[in-house]
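Novice: Fold the following and give me the result.
(chains A, B and C)
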Amino acid sequence: MIRTCLLRVCGLVKNSPRNVSSVSNESADELWKGVTSVSNAGRLRGRAKGLPRKKDLNKGQIIGIGKVSMQFPGLNTPVFRGRELVHQQKLPVDPEREERLAKLRQSIPMRKRMKLSRLEQGWTSAHIGGRKIGPPDSIGGDTFDDFETWVLESKIVTHMTGNLGRKSRISIFVVTGNGNGLAGFALAKAPVQKAAMKTAKNRAGQRLMYIPRYKEHTVSHDFFTQFGNTKIFVKKMHEGYGLVCHRAIKACCEAIGIKDIHAKVEGSINLQNIIKAFFIGLLQQKSYQQLADEKQLHLVEFKSENGNYPEVIASPSKVRKPEEVTSHEILDFTQYVLGGKVILQKKRPPAFYTKLPSFKTKLVKLERTRHFDETRINLLAEYGALHSFLTKKYPEAKLCPKPKQSKNNETEE
Amino acid sequence: MPRLPLHCSSGTGVISPFSKAIRLARYGCTNRPFYHIVVIDVKKGERKPPIEQVGVYDPIPNMHNEKLVSFNFERIQHWIAKGAQVSTPVADLLGLAGFLPVHPRTYMRAWRNRRTVEKCS
Amino acid sequence: MLSHHISKLLRRSYSRAISNCRDFTSTNVETDPTKRDPAPFFFNKEIQQCLETLTTLDYNKVFRTRKDGYKQKPPEFKFLTDEELEEARKAAQYRAKKYLQMPPVVKERLEPSEPLCEDPALQDHDTVKYVFTDITYGLKDRQRSIVVREPGGTLRHAFWKERDRMIQTFLPKPERKLQKPKMFEDEYMKDLLNRNEYEFILDRACVQFEPDDPDYKAITREVYEHINAERHFDVLRSTRHFGPMVFHLVWTSNIDNLLYEMIETNRIEDAALLIRLYHMIHPTTKSAVEQCEHTDDVDFIMHYVRLESLKKDKIQKLLQSYKELQREREIVAEGIKQAHGISSENVNINK
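Specialist: Sure, this is the predicted structure:
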C-alpha cells in the first residue's frame, strides 16, 4: 500500500484507476510527516530518538530525461544547433541508466560526525568552554600564524526592548595567544554563536599584550591581584610543576606560554573578573632590576637543584650598607612582592576516620603487608617470577598463575 | 595474620620486681618460624609484651645456607649481670657464638648426629 | 641428669664467665711487599693539595642541575647587601669543597685467616653454619663483631662478603643493595661506559661498596682505564672522582694521555704539576733522579717527555706548536699594546 502511495508521490503512477483510497489523496509532505514525526507527548517520553529521516526518492532524476531517452528541443537540448533547427526525436535507450539510478539512491551520504574527541571537546562535553577555535583572521597584512584561541565562556544574555520584548544574544569570552608571551582576551555578543565567536577572536587578536616570563616557563615572581571581589594569589613554580590553577587561568597560561604556576582564586569566581584580575596581575609584575633598584640591594637567586649556589640576578648601581637597612622594612622577597601580605597556609586537618578505633586496627592488620610491593618487585627482578631460592628445591610449591596472567607476564618480560 | 597486638621492637621497658629470663618468643607464621630473643618476666606468657628485645634468630637457612642470629651483647651482659636466667635454646646459641661456654646440649646433639651418620654409613 | 647438673653449674657461672671475644682486630694490617699500599701516598697532604688543584673547581659544574631524586622546590629569592652576598658565596664555596671530597684510595682488604677456636667435639652439631651478628647500639660497622660457627665446629670471623651482607641485613643503609646491582655486571657496564656515564657508575660504586672492597677496586679501575683510552678526562673534571683517577693513572705510570690532553687544552701549569706529582709518587724514576735545570713549565715537561714518555713524538710536536702559538700571541699582544698605547695613556690622564 505504502509502495503505491510512494509511487504516486513520485509521480510515476498517475491517475491510477484502481486502488482509490483516502490515503492516496494526501500530499508527499503529509505522508512523510507520518513517518518522521512524533507527537509532543511522545517526544517528551523519548520516542523522537532514532526516527527515520525524510528521504529524496527522486534523487538523480532530471526533468526531460526519463526511461525513454527523447530529445526535446527547448527542454533538454537547444532549439538551434548552429543554424539548424533541432527536431524532437527518439535517441537510443541507455541500458545502464536504471542501474546507475539505483546505485545513486542506495548510497547514503555519510552524516557529519558531530561528536568531538575528548581532547578537542574542551572542559566538558556539554558546553563549548575550553574548546580551541583556531587563530584570529588576518587583517590588512597582519597574520596570526602561531596563534590559538580558547573559548572561556559562552552564555545567553538577554535584555528587554520596546517592540520585541525579551531579546537574547550569545555572549562569548575568548583568550587568544601565541604561547610565546603575546596574548589578549575579548568579549563579543551576537545573535548567533558562530558570529559571536568570530567577532570575539578577531577582537582579541587586536588587543594583544606582551607578558614577560621567567625563563619562558613561569611568572617573574609571586603576586597578589584583585579585580572586583575576585582575589588571586599566584605563586611562581619550578620547572616541571605544571599548571595548578583555575581552568580558565590554565587556558590563559597556555595562550601566554606559562608552563609552571600555582594560583588560588578567592572571593568571587566570576570568570570574566578572574581573567581580568589575572592579566592585571601579570602586567603589574616588576622586573628584577626594578625590584633591586627599589630596595637598593642585590637580588640573589638560590636554586635547590643547583645546591643553593647564590646567583646574582640584578644589582642596583649603589648598594646600601647593612647599617642603612632599617629593621622595620620588609626584607622577605615573597612578602615584598605580595605587597606586604602573608599568605595564610592552613594545615589540612586529618580525615575524620583516622580518629576511629577501627582505623588503628586496620593499620595493625595492614602492617603485615608493608613490604609486599617492594619484595614482589625485587623477586620479579631477580627470578622473573614470584619465585625464591627455594623454588628449585621445592618445584611443587611453585605459584601457578592463571593462563591469562601468564600471557601478560610473558609480554611484559 | 600477624600476632596481635604487635609490640614495640625495642620492648616496653616496663620493669617488674620479678625475676627475668632471656628466652625465645616465636613470631613468623605457620610453617615459617622466626624468633625474637627477648627479656621478659619468667612467669609471663610467650605472647605478652617483653621488657626488651635483645636479638633475633631465624631457624630457616637462607640462600647462602646460613642461619642468621643477632645479639645485642651489651644488653645481654647487662641482664645476665642483673641475674636474669638464660633459657636453654638461647644458652645454646650464645655458646655457639662463643659468648658463653658451649652448652652441653650442643655437644650431645653433635654426638648424636655423628652417631646416626655412622649408623647410616 | 648429668646435663641438668651441668646446666645448673653453668647457670651459676654465667654471671662471671663472660668470655670477651668481641675484640675485633682487622687482619689487613699485614703488608704485602709486592704490592705497595697507596693509602700513605694518597693521604699525604702535599699530594692531596696537588690532586685538589688538578681537579679545578668550576662552580658551574659543581653546582650543576643534579638529578639526585630530591623533590624540586621553587627557586628562592633574597635581598642581600654586599657583605651578606659575600657570606653566601663563602658558604657555597665550603659546600663545593664538600661536593669535591675525594673517595679514599686504599689497599684491598685481606680476608681474616686464623679461626678463633676449633672444637672437634662440635662436629656435625648442625648441617648449616650459624652467623652471629652483634647489634649493640652505637658501634661502628668496622668494630662490629660478626662470627661464624661452621658445621665442623670451628668458630671464625666472618669473611668480608658475609660481613657486608650481615650489616646490610641488620643495619641497612637505604641507598645500598643487599646484592651487587646488575649495572656492575659486564654487559650492562660496557653499555654504560659507551654512553659515557662515568660519574653515575663511580657514584653508585661509592654508595654500594666499601673503598677497600676488591669489587670497588675493579670497577673504578675499569672506568678509569676506559676514560684514559677514550680521553674523556673532561667528563670527570670538577667532580670528586677526578683526583682518584689522576692518582690511579700516576700510580700505574700511565699519564701520557692525560698529559697530552692537558697540553692540548692549554693547561700547562696543570701538566707540570702532574709531572711533579708523578715524581712524588715514583721518586726513583729517571726524570725524578735527573734534576731538570730549567724552571720554565714547558721545558720541565720537555725534560720528562724526553726521558720517560712513550709517546715522545706526539707530545713534543704538540709542545712545539704550543710554544709557537704562545710566541705569536705575545707578538699580537705587543701589537695591540702599541696600537692602544696612546689611548691608554689618555685614559690615565683623564683619570
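
Novice: What about B:Asn113, how many residues nearby?
Specialist: 16 (other C-beta atoms under 10 Å in any protein chain shown). For the C-beta atoms, the positions are set from N, CA and C on the backbone; glycine is no exception.

Novice: Chain C versus that one, what's the distance?
Specialist: According to C-beta to the nearest C-beta, to the nearest Å, B:Asn113 stands 4 Å off from chain C.

Novice: In contact with the residue lying closest to that residue once chain neighbours are set aside, which residues are there?
Specialist: Among residues not flanking B:Asn113 along the chain, C:Asp124 sits closest, at 4.2 Å (C-beta to C-beta, 6 or more residues apart in numbering or on different chains). Counting by C-beta atoms under 8 Å, 6 or more residues apart in numbering or on different chains, C:Asp124 touches B:110, B:113-114, B:117, C:151.

Novice: For C:Asp124, give me phi and psi.
Specialist: Main-chain torsions, C:Asp124, degrees, to the nearest 10: phi 60, psi 30.

Novice: where does it land on pLDDT?
Specialist: You'll see C:Asp124 listed with a pLDDT of 91.

Novice: and what of the one 5 residues further on?
Specialist: Predicted confidence (pLDDT) at C:Lys129: the value is 95.

Novice: To what extent is it buried, counted in neighbours?
Specialist: The burial count for C:Lys129: 20, using other C-beta under 10 Å.

Novice: Now do the phi/psi pair for it.
Specialist: The phi/psi pair for C:Lys129 (degrees, to the nearest 10) reads phi -90, psi 160.

Novice: What residues does it make contact with?
Specialist: By C-beta under 8 Å, 6+ apart, the neighbours of C:Lys129 are B:65-67, C:148-151.

Novice: Also near chain A: which of the residues you listed, exactly?
Specialist: The overlap between the contacts of C:Lys129 and the neighbours of chain A (C-beta under 8 Å from any C-beta of the partner chain) is empty.

Novice: which residues in the chain form strands?
Specialist: Here I'm looking at chain A. A:70-71, A:80-81, A:84-85, A:89-90, A:148-161, A:165-177, A:182-190, A:209-210, A:223-227, A:230-236, A:243-244, A:261-267, A:298-302, A:311-314 (DSSP state E).

Novice: try again with chain B
Specialist: B:20-29, B:32-41, B:52-58, B:66-71, B:85-86.

Novice: so which of the ones you listed comes closest to A:Ala248?
Specialist: Between A:Ala248 and the strands of chain B, the tightest spacing by C-beta to C-beta is seen for strand B:20-29, at 56.1 Å.

Novice: ok, residue 84 - how many residues close by?
Specialist: Picking chain A for this. When neighbours are counted by other C-beta under 10 Å, A:Glu84 registers 7.

Novice: meant chain B actually
Specialist: 20.

Novice: what's around the closest residue to it other than its chain neighbours, how many residues?
Specialist: Counting by C-beta to C-beta, 6+ apart, B:Ala84 lies nearest to B:Lys20, which is 4.1 Å off, once chain neighbours are set aside. Using other C-beta under 10 Å, B:Lys20 has 22 neighbouring residues.

Novice: What's the local residue count around the closest residue to A:Gly340 other than its chain neighbours?
Specialist: Nearest residue to A:Gly340, sequence neighbours excluded (C-beta to C-beta, 6+ apart): A:Ile330, at 6.1 Å. The number of residues packed near A:Ile330 is 15, by other C-beta under 10 Å.

Novice: distance of A:Ile330 from C:His340?
Specialist: To C:His340, A:Ile330 is 48 Å away according to C-beta to C-beta, to the nearest Å.

Novice: In contact with the residue most central in space within chain A, which residues?
Specialist: Centroid check for chain A by C-alpha atoms, centre = their mean gives A:Gly122 as the closest residue, at 1.9 Å. Neighbouring residues of A:Gly122 by C-beta under 8 Å, 6+ apart: A:128-132, A:151.

Novice: What of C:Ala39?
Specialist: C:104-107.
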